[in-house]
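Novice: structure, please.
(2 chains)
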Amino acid sequence: MAAFAAARSSRGVLSAIKASFNTFANVKHGLAVAPIAQSHLLQHARWYSVSHLSVHERIDRKRNAALVGGGQKRIDAQHKRGKLTARERVELLLDPDSFVEYDMFVEHRCSDFGMEEDHNKFPGDSVVTGQGRINGRLVYVFSQRNVLASGVVPQISLIMGPCAGGAVYSPALTDFTFMVKDTSYLFITGPDVVKSVTNEDVTQEELGGAKTHTAVSGVAHRAFENDIDALLNLRDFFNFLPLSNRDPAPVTECQDPSDRLVPGLDTVVPFETTKAYDMLDIIQGVVDEREFFEIMPNYAKNIVVGFARMNGRTVGIVGNQPKVASGCLDINSSVKGARFVRFCDAFNIPIITFVDVPGFLPGTSQEYGGIIRHGAKLLFAFAEATVPKITIITRKAYGGAYDVMSSKHLRGDVNYAWPSAEVAVMGAKGAVQIIFRGKTNQAEQEAEYVEKFANPFPAAVRGFVDDIIVPSTTRKRICRDLEVLASKKQTNPWKKHANIPL
Amino acid sequence: MAAYMITPTLQRVLLSAKHVSFQSRYCVVAGRARYSVVYDASEKTFDKILIANRGEIACRVMKTCRKMGIKTVAVHSDVDANAVHVKMADEAVCVGPAPTNRSYLNMDAIMDAIRITGAQAVHPGYGFLSENKEFAKRLAAEDVVFVGPDTHAIHAMGDKIESKLLAKAAKVNVIPGFDGVVENVEDAVKIAGQIGYPVMIKASAGGGGKGMRIAWNDDETREGFRLSSQEAASSFGDDRLLIEKFVDNPRHIEIQVLADKHGNALWLNERECSIQRRNQKVVEEAPSTFLDPDTRRAMGEQAVQLAKAVKYSSAGTVEFLVDSKKNFYFLEMNTRLQVEHPITECITGLDLVQQMIRIAKGFPLVHRQEDIPINGWAIESRVYAEDPYKSFGLPSIGRLSQYQEPISLPNVRVDSGIQEGSDISIYYDPMISKLVTYGATRAEALQKMEDALDHYVIRGVTHNIPLLREIITNPRFISGDITTNFLPEEYPEGFTGHRLTPEGRRELLATAAALYISAQLRSQRFMGNLRVSTTSQEQSQWELQVELEKKSHLVSLSRSGSSFTVEVDGGSVEVSGEWNLASALLPLSINGNPRVLQCLSRDATGQITLQYLGTQFKLRVLSRLAAKLTGHMPEKVPEDTSSILRSPMPGSVVAVSVKPGDMVAEGQEICVIEAMKMQNSLIAARAAKVKSVHCKAGETVGEGDLLVELE
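Specialist: Numbering: from 1, shown residues only, chains lettered A, B, ... in the order given. Next up, the predicted model:
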């Protein structure tokens, strides 16, 4: 089913695509399961072969058959599994009456194992393809994707059933992969093959369920409760995205005052530098209406990424999460952050970065795993990004990790520090142990180090931060800067493409 | 020298200017003569006062100090370094880590703070060291003035046994009971039997409902004795208990007294504090609907007799139990400023903190008994970070992500010590604020309270506004027919939130649907130029399905401007408003009546949580298509809650009474959790074998943490 659908739909991709979706039209891949024909379908099948019908009549019949899909029995079976049919999914996803279907008459061309029989052929087989609108904006919906469109239009995959083998690369190549909990799976090889090759006992859910991919592998970006929740969330998510790389980040009507003060931010950072707080408290306080669409909320939780709006305009948010592993950068969080920054840069979405980072996670597992290479991805992504970049240092900004987090050195446009900021090579204790190794009265040295470096001034006097701001004014400042930076134009030197340290 | 001479005059000008604003906020009762609060700058009291407390009461005391031209010193624990009372004070001193016994009860550190800052006097607020005679003694030893009564009165009234004997001697009515210390459990059972059930077991050193339990039979006496003595030991460091007759159908009415060091004493009328849960006050009012002038005078006079008998000076409160025949019995005397003092200030026009400071300095009272008026009516709601659906209020903690007090409304006073961003922690009392409204009549004050509760925005912690709003609109409460058993009597199954009337249900459904459509319309409005035009959807009619309390309703809407006509459940509702989706408050006109709702959450899948008439309702709005298909979605199986025991609140585990493999009977105690100094015994929901235990004594647990699993 997959191959031809891709061939057909690629026409759409190259000509007029504004956005595309992989709606995994999961009527259990007609090929694998030999369907048992129903009586009324047989009737239909007979009609197809009767030649005395006029072309007009045949068109109508085929169209009707396509709308029924595999027949009521299969629709019921799909419902029984807690899933919707492809057509129902499309209807829910798109604005009412906005769907225009393509390739309704396509049928499969498999001629083995009895698949060629008329009763095993359905018009519009397996996939539903077409265009429609989400909140009035154009969107294309179809099955397989063409890799060349990456970076041209934002692409989202929603996995709503099993997806295995080479087919998994289709969602893997899109910008975002969402899954439906308990009903969708993604794996290269299924549990049976795994058992025969490695002798591991594993269920589909453990191997490639939503939980695995959103928390362990990092393959999927979010999971939703069921088909309906997933599709409604997708509509919401779509509103954050521009239609293509030639469109600016969308601006919606905003009722949240852009100069709103956020008094809670003045007390959010605890006095003790060792005490954790929740970066989401800061993000939600700053953005419009506390609305934050988090990407990968259960994976590499020491970094927070997601979309929000500032004065109505979509922004990408990146923040260290002091609540998890002190907000340090490690392999997974670097890759998570880098991919998100790349997306924002590709689609003209300004990036706001909140920094509270004690450094890169030390240890053999990180070094052997290639933290240098993976950390470089985040560095590379921020450095290459030409979208407006605003950075707020809320507390720690230590060493190389400070540099990586959209610092001035990586062409940050506006870099702020809160009064609680400490821009330094490392914390006082570690620094003193190295500088004054073996010497006594380290406590005194520590106090001196704190006095000298554990504050925003060293960075401010060198121009690495543009201003030290009162936390409650953060929203106001960012909104004002985004206004100014809206016209930012920056081009990197010509190249075929850059070589991100993969 | 010249500058020095001018200062007092200038100060007086400034103070009189402040005085005006103080009055306008605190005590204007329209169309009534009002008692004026005068801050006489020539009456020199102290230069600097240290407030040995935190939260709202510390802020409350500082406000008056400021008006009197007194510099203030705050003390705080390390976690309170950012607290409002610290910012408000002229100086602040950290007195230790978060646990109260190492900070706010740490006398050594507080004495140091006094020496460092040179404070001449200490106001203790309520709780903490306010009724600690040892503290008062140590202050006296260093010539620092304690703003409160002298050690003798604290001692005499602080001990419930001694205070009862004193009251009896002063010809104050007292409750029948046992005037000695209860030795042990069996002694308790014996005494209880002699007095006759029901009896009240309470801590001799206690107050505020802590260490206090009612027993109706021998078993309850045994359990109550054990829990109360533990609580008394942990709260007051004194596990002595006493037992007395429990007065049925009682009202709790207390008299505010004010006495100076020259033998003068006044009674400032009563406060009705019968609305309580677990012996802690929730809603108070002044005056009481129940007292006639004769009873009021009789109670006032007895209160003054008692104050004089112990040579009381400062503000104090004499608590009485009043039965249905208006017989009143002395309960105890609180030798401090009470939490609920603002309602007395509202009806009398006095600033009690100012009077306490004056008295402490040795000034005589300026008022005579006939000067004390009852001007209008005042009501106080204690707004707590508590879940009212669990035993009328179990503590909750969290960060106030959004917080707006309804102080822009007229005749509303909010005493609080927190602000947006503050943390409500397990270490301290979970009170958010005291919301006080007043009016010329009780009805007016109650109406104001409804408005104020609707306009109060609290996000990030669970709060008891649902319960407060139900109480003040309860017909029995409005009629004034209340006792201290009001809550269990009115809500025998526990508090379950506002019960919707058919009309209320329609209003709520219509509002949710209109809000959903407003949000949907907004999400279609893109600003700026788009290369591919959007299709305009100038829809003005919608068909939706709204789910509320597990019932689905078909709803049709039509819109004209910002006004929606909603057909639902066979009725039509007109809803209009600004539909500002960014605002915490949703002021609407529903069928022409003004109503303020709050939208607490709204998501892409149509889930909307609205606060309507104080209670939070979860709704789900779906298009007809989505609603039709929802039936096919798999139901997620909820956890079987009868076989697991989760912590109902954050706190620390005091004791675990079972181990894996034990058999427990239904109702048997499994473990004890202490939160905010209250010990809560958690029991088995059914008879079963214990499968696993996930907590141990001494551990800190969060709300919802798994404690014990049953098989």
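Novice: just say helix, strand or coil for the residue sitting nearest the centre point of chain B.
Specialist: Central residue of chain B (Cα atoms, centre = their mean): B:Arg382, 2.7 Å from the mean position. Secondary structure, DSSP: H, G, I helix; E, B strand; the rest coil: B:Arg382 is strand.
Novice: show me where the stretch 51-200 of chain B has strands.
Specialist: Counting by DSSP state E, counting those that start in this stretch, the stretch 51-200 of chain B has strands at residues B:71-77, B:91-96, B:121-123, B:145-146, B:199-203.
Novice: neighbouring contacts of the second one?
Specialist: Under the criterion Cβ atoms under 8 Å, 6 or more residues apart in numbering or on different chains, residues B:71-78, B:81, B:86, B:102-104, B:106, B:109-110, B:112-113, B:116-117 lie in contact with strand B:91-96. Backbone N, C-alpha and C define where each C-beta goes, glycine included.
Novice: thinking again about what came up before, I'd like the strands of the stretch 51-200 of chain B written out as CSV, with distance to B:His155 and mean neighbour count added.
Specialist: Below are the strands of the stretch 51-200 of chain B laid out as CSV (distance: least, Cβ to Cβ, whole Å; neighbours: other Cβ atoms under 10 Å in any protein chain shown):
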stretch, distance to B:His155, mean neighbour count
strand B:71-77, 24, 25
strand B:91-96, 25, 19
strand B:121-123, 18, 27
strand B:145-146, 13, 22
strand B:199-203, 16, 25
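Novice: now the ones you listed as TSV including mean pLDDT?
Specialist: Converted to TSV, these look like this (pLDDT from 0 to 100):
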stretch	mean pLDDT
strand B:71-77	97
strand B:91-96	96
strand B:121-123	97
strand B:145-146	97
strand B:199-203	85
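Novice: now do stretch B:262-278, average pLDDT.
Specialist: Averaging the model's pLDDT scores along stretch B:262-278 yields 95.
Novice: who touches A:Gly312 in this structure?
Specialist: A:Val251, A:Thr252, A:Glu253, A:Cys254, A:Asp288, B:Met527.
Novice: in strands only, show me these.
Specialist: A:Val251, A:Thr252, B:Met527 (DSSP state E).
Novice: contacts only, for the first one.
Specialist: Taking Cβ under 8 Å, 6+ apart as the criterion, A:Val251 is in contact with A:Asn311, A:Gly312, A:Arg313, A:Thr314, B:Phe526, B:Met527, B:Gly528.
Novice: before we move on, the earlier item: would a markdown table of the strands of the stretch 51-200 of chain B with distance to A:Thr440 be doable?
Specialist: A markdown table is the format used below for these (distance: least, Cβ to Cβ, whole Å):
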| stretch | distance to A:Thr440 |
| --- | --- |
| strand B:71-77 | 32 |
| strand B:91-96 | 28 |
| strand B:121-123 | 42 |
| strand B:145-146 | 46 |
| strand B:199-203 | 52 |
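Novice: out of the ones you listed, flag the one nearest A:Lys489.
Specialist: With distances scored as Cβ to Cβ, the stretch of these nearest to A:Lys489 is strand B:91-96 (50.5 Å).
Novice: ok now that closest one, how far from the chain's centre?
Specialist: Centre-to-centre, strand B:91-96 and its host chain are 26 Å apart (Cα atoms, centre = their mean, to the nearest Å).
Novice: before we move on, what about stretch A:74-86?
Specialist: Worked out by Cα atoms, centre = their mean, stretch A:74-86 lies 27 Å from the chain centre.
Novice: thought B:Thr630 was touching B:Leu622?
Specialist: Yes. Taking contacts as Cβ atoms under 8 Å, B:Thr630 lies within contact range of B:Leu622: 6.5 Å.
Novice: and these two? Which one has more around it.
Specialist: B:Leu622 (22 against 18; other Cβ atoms under 10 Å in any protein chain shown).
Novice: from chain A, how far off is the more buried one?
Specialist: Using Cβ to the nearest Cβ, to the nearest Å, B:Leu622 is found at 8 Å from chain A.
Novice: that residue against B:Gly606, yeah?
Specialist: Yes. With contact defined as Cβ under 8 Å, B:Leu622 reaches B:Gly606; the gap is 5.0 Å.
Novice: select the longest strand from the chain.
Specialist: Looking at chain A here, since you left the chain open. strand A:389-398.
Novice: I was thinking of chain B, sorry if that wasn't clear
Specialist: Max-length strand for chain B by DSSP E is strand B:265-277.
Novice: work out the sheet partners of it and label each with its direction, please.
Specialist: For strand B:265-277, the pairing partners within the sheet under DSSP bridges are strand B:251-259 (antiparallel), strand B:280-286 (antiparallel).
Novice: how far away is B:Trp267 from B:Leu365?
Specialist: Note on B:Trp267: its distance to B:Leu365, by Cβ to Cβ, to the nearest Å, is 12 Å.
Novice: tell me which of these two has more neighbours.
Specialist: Counted by other Cβ under 10 Å, B:Trp267 and B:Leu365 do not tie: B:Trp267 has more neighbours, with 22 against 19.
Novice: how close does that one sit to chain A?
Specialist: 42 Å.
Novice: skip the chain neighbours and tell me the closest residue to that residue.
Specialist: Among residues not flanking B:Trp267 along the chain, B:Gly300 sits closest, at 3.3 Å (Cβ to Cβ, 6 or more residues apart in numbering or on different chains).
Novice: which residues are in contact with stretch A:173-181?
Specialist: For stretch A:173-181, the surrounding residues in contact (Cβ under 8 Å, 6+ apart) are A:22, A:83, A:145, A:147, A:150, A:154-160, A:171, A:186, A:209-211, A:213-214, A:219-227, A:230, A:233-234, A:237, A:295, A:343.
Novice: give me the mean pLDDT for stretch B:169-185.
Specialist: What stretch B:169-185 shows for mean pLDDT is 83.
Novice: correct me, but B:Leu629 touches A:Arg87?
Specialist: No. Assessed by Cβ under 8 Å, B:Leu629 is found out of contact with A:Arg87, at 11.1 Å.
Novice: okay, those two: which has more neighbours?
Specialist: Using other Cβ under 10 Å, the more surrounded residue of B:Leu629 and A:Arg87 is B:Leu629, with 22 against 19.
Novice: which elements pack onto the helix or strand the more buried one falls within?
Specialist: Element membership for B:Leu629 (DSSP states H and E) is helix B:624-630. If contacts are counted by 3 or more Cβ pairs under 8 Å, 6 or more residues apart in numbering or on different chains; DSSP states H and E, helix B:624-630 sits against helix A:86-93, helix A:227-238, strand B:541-548.
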